[in-house]
Structure formats: structure tokens, C-alpha cells
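Student: okay, predicted coordinates and the sequence, questions at the end:
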Amino acid sequence: MDMQIITQIMTNKVIIACLVAWLSSQIIKTTINFFREKKFDINHLLFGVGGMPSSHTAVTCCLTVAVLIKDGITTVFAVALILTLITLRDSMGVRRESGKHARVLNMISKIIYKKKPEEQFNEILGHTPLQVLVGAILGIIVAIVIV
């Protein structure tokens with residue numbers, strides 16, 4: 001890869017803003033989890049899904065607002081907006097329902113095995129409307145500050 005391309009990617013304010021939005025939301029989420037669980041989990045910081053705030057929402061809202069600020073209402077903005085709306089719907093819909101299903105499956109497994117099974121399904125996959133709202137606000141603020 002050409003060094004000029006790498007430099008352009010690393011100095012692109014839209015990309016930087018999205019990375020900051022993701023990292024900020026993951027740090028907040030991990031901090032909340034630390035106080036709740038009384039332990040630090042590096043995997044939660046890097047790969048955690050679900051919880052407060054929604055990282056997916058923060059990143060997609062940041063992307064959409066950053067493109068709007070930088071380029072105005074363009075085709076790229078329209079694509080970003082549509083993908084953001086799909087992400088918001090998915091995080092509160094399908095992924096949240098999957099978490100509910102995981103909770104029931106874990107309860108059934110506990111009954112069948114008479115103890116906590118070795119492998120549990122992840123119950124925290126989706127987001128509540130409040131978690132999505134906070135993620136959206138975080139992403140919008142990051143985009144405004146950075147771009």
C-alpha cells in the first residue's frame with residue numbers, strides 16, 4: 001500500500017471521528033461494566049456488544065453527521081443515513097430479541113443440566129432505546145467536535 005494512501009486514511013477526520021466515537025463508547029461501556037461486575041475485562045473493551053451506550057449507534061451517527069458537516073447533503077450522506085437507520089432498527093429489534101432468546105435458552109439449559117452449563121449464550125446483544133439514544137448523542141457530539 002502506498003504511504004500516501006496510508007497517510008490520507010490516518011489523517012481523514014471522518015475516520016478519526018468514527019474511531020473516537022467507537023473507542024469512547026467502548027470505554028464508557030467497559031467502565032459501567034467494571035463498576036457493575038467489580039472486575040475489568042479487556043475483551044469487553046475491545047469486543048463487547050450490547051450495553052450502555054450503543055457503540056454501533058455512536059459510530060454510525062458519527063459517520064452520518066461527519067459526512068453531512070464535511071460534504072453536505074450528498075449521495076454519500078444519503079447512504080450513511082440509510083445505513084444508520086438500519087443499524088438503529090437492528091440494534092433495538094433483531095439483536096435485542098436475540099438476547100431475549102439467549103436468556104430463555106440459558107434458563108432451559110440450567111433446568112436440563114441442573115446447574116449452570118459450561119457454555120452460555122450471550123444475553124446482552126441488543127440495546128434499549130435509551131442505550132441507542134445515548135450512543136446517538138455521543139456520536140453526534142464527537143462528529144461536531146472533530147470534523
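Tutor: Yep, it's here. On a predicted model such as this, the values are computed, not experimentally measured, just so you know.
Student: quick one: contacts for Met92?
Tutor: Listed by CB atoms under 8 Å, 6 or more residues apart in numbering, the contact partners of Met92 are Gly126, His127, Thr128, Pro129, Val132. In short, each C-beta sits where N, CA and C put it, glycine included.
Student: wait, isn't Ile69 in contact with Ile144?
Tutor: Yes: with contact defined as CB atoms under 8 Å, Ile69 counts as touching Ile144 (7.1 Å).
Student: report the two of the contacts of Met92 separated the most.
Tutor: By the measure CB to CB, Gly126 and Pro129 form the most distant pair in the contacts of Met92, at 10.6 Å.
Student: which one of these two is surrounded by more residues?
Tutor: More neighbours surround Gly126 than the other of Gly126 and Pro129, with 22 against 12 (other CB atoms under 10 Å).
Student: in this structure the more buried one contacts Gly50, no?
Tutor: Yes: here Gly126 lies in contact with Gly50, judged by CB under 8 Å, at a distance of 6.3 Å.
Student: and the strands in this structure?
Tutor: For the chain, applying DSSP state E gives no strands.
Student: where does it dip in pLDDT?
Tutor: Applying pLDDT under 70 to the chain picks out residues 1, 44, 94-96, 99, 115-118, 122-125.
Student: from the centre of it, point out the most distant residue.
Tutor: Distance from the C-alpha centroid of the chain, by CA atoms, centre = their mean, peaks at Lys114 (34.8 Å).
Student: now do the contacts for that residue.
Tutor: For Lys114, no residue counts as a contact, taking CB under 8 Å, 6+ apart as the criterion.
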